[in-house]
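[1] got a sequence here, can you build the structure:
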Amino acid sequence: MKPTKPTKISEVKREWLLIDLEGKILGRAATDIAKLLMGKHKPNFVRNLDMGDNIVVVNAKKVKVTGNKEKLKTYKRHSGYPGGFKEETLSNLRERNPQEIIIKAVSGMLPQNRLKAKMLQRLHVFADAAHSYADKFKTQEKGEVKDGGK
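    As a prediction, the model looks like this:
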């Protein structure tokens, strides 16, 4: 019986996936994106390697939330200086920087380890349908865009 060979970083094949968030629920979409960034959908997944794909997310400002979260969900940060506490609702953040909503949601669902920053570098979020990575998707057959989301 042959032993199973461990996966090497040189064997990792990265794809480019396009996810359209128009009309999708924030949390459910963020879990799908986090799984793709970690590489959990691949048969040779190992937790200690960065195996995920490159994800391009479009229509970030059209993502939905359930219930009364639009007004009640808050994002908090502190500068480290006295009086540097900032608090912002989801609706205000959506107007100011809608990409940040997706980045924060996906970041919270990734493992809290050294690979997290590398995984987040491969997440490209755009507020509208226009994005600058159209040339990455031409390798698909007949110019179709492969959709990584459900």
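
[2] all contacts plus neighbour counts: C-alpha atoms, from now on.
    Will do.

[3] next, count neighbours for residue 2.
    4 (other C-alpha atoms under 10 Å).

[4] the chain: strands as residue ranges?
    For the chain, the strands defined by DSSP state E cover 16-20, 54-58, 74-78, 85-89, 123-125.

[5] any idea of the mean pLDDT for the fourth one?
    Looking at strand 85-89 alone, the average pLDDT works out to 97.

[6] export it as CSV, just CAs?
    Extracted in CSV, the C-alpha atoms of strand 85-89 (Å, rounded to 0.1, in the frame of the first residue of the first chain):
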residue,chain,number,x,y,z
PHE,A,85,-13.6,55.5,18.9
LYS,A,86,-15.7,55.5,15.7
GLU,A,87,-19.0,53.7,15.2
GLU,A,88,-20.9,53.5,11.9
THR,A,89,-24.1,51.7,10.8
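
[7] neighbouring strands - and their directions - for it?
    strand 74-78 (antiparallel) (DSSP bridges).

[8] next one: the partner strand to chain centre, how far?
    20 Å (C-alpha atoms, centre = their mean, to the nearest Å).

[9] got the buried residues for that strand?
    For strand 74-78, a neighbour-count test (16 or more other C-alpha atoms under 10 Å) marks nothing as buried.

[10] from the strands of the chain, which stretch is densest packed?
    strand 54-58 (a mean of 22; mean count of other C-alpha atoms under 10 Å).

[11] what's the angle between it and strand 16-20?
    Using axes from the mean of the first three to the mean of the last three C-alpha atoms, to 10 degrees, one finds that strand 54-58 and strand 16-20 are set 20 degrees apart in direction.

[12] check which helices and strands strand 54-58 sits against.
    When contacts are defined as 3 or more C-alpha pairs under 8 Å, 6 or more residues apart in numbering; DSSP states H and E, strand 54-58 packs onto strand 16-20, helix 26-38, strand 123-125.

[13] how many residues are close by the residue nearest to residue 9 when sequence neighbours are not counted?
    Spatially, and ignoring its direct neighbours in sequence, residue 9 is nearest to residue 49 (6.8 Å; C-alpha to C-alpha, 6 or more residues apart in numbering). Look at residue 49: counted by other C-alpha under 10 Å, it has 14 neighbours.
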